[in-house]
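Q: Only the shape, not the letters, is given here:
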């Protein structure tokens with residue numbers, strides 16, 4: 001019997017709409033794991049669930065891509081799993097810029113996966129699911145400000161459905177300014193609906209899936225002047241039959257909600273994606289932390305990333321984006337300009353080491369740590385967080401990365 005891959009648990013508090021109804025009013029509940037602490041690469045279907053992310057089938061080029069998934073935006077309504085404050089979204093986009101991570105287009109991503117185009121060693125792809133009106137009113141101006149490309153995953157029954165749904169003019173406006181679109185099905189069905197059709201027999205089940213996956217693609221390509229060649233599984237839920245039909249309908253790449261970095265050799269039908277939650281900031285931090293040897297190439301040959309200059313609000317060493325020739329550097333930050341700093345709350349984390357025993361000098365307000373084990377990766381990311389005397393943390397922690405020239409700093413592994 002065909003196994004189902006269920007990689008999310010719907011939040012009961014968000015409610016559920018009646019099964020089978022077209023419901024153009026509001027998208028279903030958040031497409032997120034029930035436990036946000038789940039580690040990268042772990043599935044959400046329990047021990048018996050089939051693996052979603054398989055081993056690469058082709059040589060690894062060292063590139064890592066984080067695919068970010070967003071839903072709704074608001075500056076006035078409470079944050080939820082699906083809804084994030086526009087101001088926080090803007091800070092996240094600024095963080096990406098400060099870290100020097102290139103935001104690529106869907107075309108770049110597809111060409112890279114096919115082996116037809118090189119992209120920076122660390123890259124981000126931005127996607128927005130369902131088709132909320134706030135994507136155009138709140139998120140779109142911010143994305144334009146930063147010059148970041150993005151992809152809209154729309155489902156037919158919600159497009160121009162009134163209320164909080166995106167309208168045709170809004171979608172066309174974003175397409176004219178570089179947005180791409182992909183399919184998110186016809187009705188955004190819950191897993192229980194998919195399973196109920198499967199119980200009706202192979203013929204009914206096949207017809208149902210063909211409508212959800214095929215009609216949605218035809219609709220989008222008929223209404224908008226672009227091709228819909230990628231698919232986002234509603235809720236991240238998929239079956240083996242969907243994988244086959246996706247290829248038949250011409251979807252070259254299909255995305256889940258399993259968190260993890262994309263590697264070139266990963267299967268195109270079950271690509272991981274970080275769903276960024278409004279009420280849980282850790283996911284964004286994981287998505288923008290690159291540890292798997294996918295850092296910048298030694299000697300500064302980092303393609304387009306070299307054009308993106310990292311900036312930090314306080315002086316740091318090694319400097320953001322610097323290329324150093326030592327594997328045992330001192331890592332530090334000058335926090336003399338931080339107002340009302342509570343030194344007891346200072347925490348430094350270094351990629352590959354986790355939290356480290358950094359020292360704070362009260363006289364100079366320098367927070368530093370001497371690396372005690374030779375750095376082996378070509379890139380190192382540092383995060384420093386703190387609170388003020390009132391217990392308030394800064395809007396974003398101090399984060400930056402630097403590079404190690406592995407040839408200049410070469411030492412045998414045995415040393």
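A: Arrived safely, thanks for sending. Just so we're clear, the structure is a prediction, and the values are computed from it rather than from any experiment.
Q: where in this protein is pLDDT low?
A: 1-58, 291-310, 405-415 (pLDDT under 70).
Q: Domains in it, by residue range?
A: 59-287, 312-404 (automatic domain parsing).
Q: Between the two ends of the last one, how far is it?
A: The reference is to domain 312-404. 19 Å (Cα to Cα, to the nearest Å).
Q: same question, the longest one
A: Across its full length, domain 59-287 reaches 23 Å between end residues, using Cα to Cα.
Q: Burial check on the nearest residue to residue 335 once chain neighbours are set aside, number of neighbours?
A: The shortest distance from residue 335 to any non-neighbouring residue, by Cβ to Cβ, 6 or more residues apart in numbering, is to residue 365 (4.8 Å). The way it works is simple: take the backbone N, C-alpha and C, and place the C-beta from them, glycine included. When neighbours are counted by other Cβ atoms under 10 Å, residue 365 registers 16.
Q: show me the contacts for residue 365.
A: 334, 335, 336, 338, 341 (Cβ atoms under 8 Å, 6 or more residues apart in numbering).
Q: Backbone torsions only: list them for it.
A: phi 60, psi 40 (degrees, to the nearest 10).
Q: Distance-wise, check it relative to residue 400.
A: According to Cβ to Cβ, to the nearest Å, residue 365 stands 18 Å off from residue 400.
Q: One more: residue 208?
A: Where residue 400 is concerned, residue 208 sits at a distance of 50 Å (Cβ to Cβ).
Q: and the two? which has more neighbours close in?
A: Neighbours per residue (other Cβ under 10 Å) separate residue 208 from residue 400, with residue 400 holding more: 24 against 19.
Q: Looks like that one contacts residue 381 (just checking).
A: Yes - here residue 400 reaches residue 381: they are 7.4 Å apart, a contact under Cβ atoms under 8 Å.
Q: what is in contact with these two at once?
A: residue 99.
Q: ok, back up a step: would you mind measuring from the residue nearest to residue 335 to residue 388?
A: In terms of Cβ to Cβ, residue 365 sits 13 Å off from residue 388.
Q: do residue 243 as well
A: Applying Cβ to Cβ to residue 243 and residue 388 gives a distance of 51 Å.
Q: got it, and residue 189?
A: In terms of Cβ to Cβ, residue 189 sits 47 Å off from residue 388.
Q: Between the two, which is the more surrounded one?
A: Using other Cβ under 10 Å, the more surrounded residue of residue 189 and residue 388 is residue 189, with 22 against 14.
Q: Find the nearest non-adjacent residue to that one, please.
A: Here the residue nearest residue 189, using Cβ to Cβ, 6+ apart, is residue 234, at 6.1 Å.
Q: looking at it, the one you found is touching residue 183, isn't it?
A: No - between residue 234 and residue 183 there is no contact under Cβ under 8 Å: 10.0 Å.
Q: ok, residue 138 - contacts?
A: 73, 74, 75, 86, 89.
Q: can you tell me which of those residues lies nearest to residue 152?
A: When the contacts of residue 138 are ranked by distance to residue 152 (Cβ to Cβ), residue 73 comes first, at 13.2 Å.
Q: Surely the closest one touches residue 83?
A: Yes - if you go by Cβ under 8 Å, residue 73 and residue 83 touch, sitting 6.9 Å apart.
Q: When the two are compared, which one has more neighbours?
A: Shown here are residue 73 and residue 83; by other Cβ under 10 Å, residue 73 has more neighbours (26 against 19).
Q: How much space separates the more buried one from residue 401?
A: From residue 73 to residue 401 the distance is 28 Å (Cβ to Cβ).
Q: And for residue 154?
A: Counting by Cβ to Cβ - residue 154 and residue 401 are separated by 35 Å.
Q: got it, and residue 288?
A: 10 Å.
Q: what's the overlap in contacts for these two?
A: Common neighbours of residue 288 and residue 401 (Cβ under 8 Å, 6+ apart) are residue 99.
Q: neighbour-wise, which of those two wins?
A: The neighbour comparison of residue 288 against residue 401 (other Cβ under 10 Å) goes to residue 401, with 24 against 20.
Q: just checking, that one touches residue 378?
A: No - using Cβ under 8 Å, residue 401 is not in contact with residue 378, being 10.5 Å away.
Q: Flag every buried residue along stretch 180-188.
A: For stretch 180-188, the neighbour count (16 or more other Cβ atoms under 10 Å) marks 180, 181, 182, 183, 184, 185, 186, 187, 188 as buried.
Q: helix or strand for the closest residue to the fourth one other than its chain neighbours, which one?
A: So that's residue 183. Distances taken as Cβ to Cβ, 6+ apart place residue 216 nearest to residue 183, at 4.4 Å, with adjacent residues excluded. Residue 216 is located in helix 216-223, with elements delineated by DSSP states H and E.
Q: Which helix in this structure has the most residues?
A: helix 86-98 (DSSP state H).
Q: distance of residue 326 from residue 61?
A: 27 Å.
Q: picking up where we left off before, which neighbours do residue 365 and residue 388 share?
A: What both residue 365 and residue 388 touch, as defined by Cβ under 8 Å, 6+ apart, is the set 338, 341.
Q: got the contact list for the helix or strand that the helix holding residue 216 is followed by?
A: Note on helix 216-223: by DSSP H and E, the next helix or strand toward the C-terminus is strand 230-232. Here strand 230-232 makes contact (Cβ under 8 Å, 6+ apart) with 69, 106, 110, 127, 129, 151, 153, 182-184, 213, 217, 246, 251-255, 273.
Q: make it 6 Å
A: 153, 182, 183, 184, 246, 251, 253, 254, 255 (Cβ atoms under 6 Å, 6 or more residues apart in numbering).
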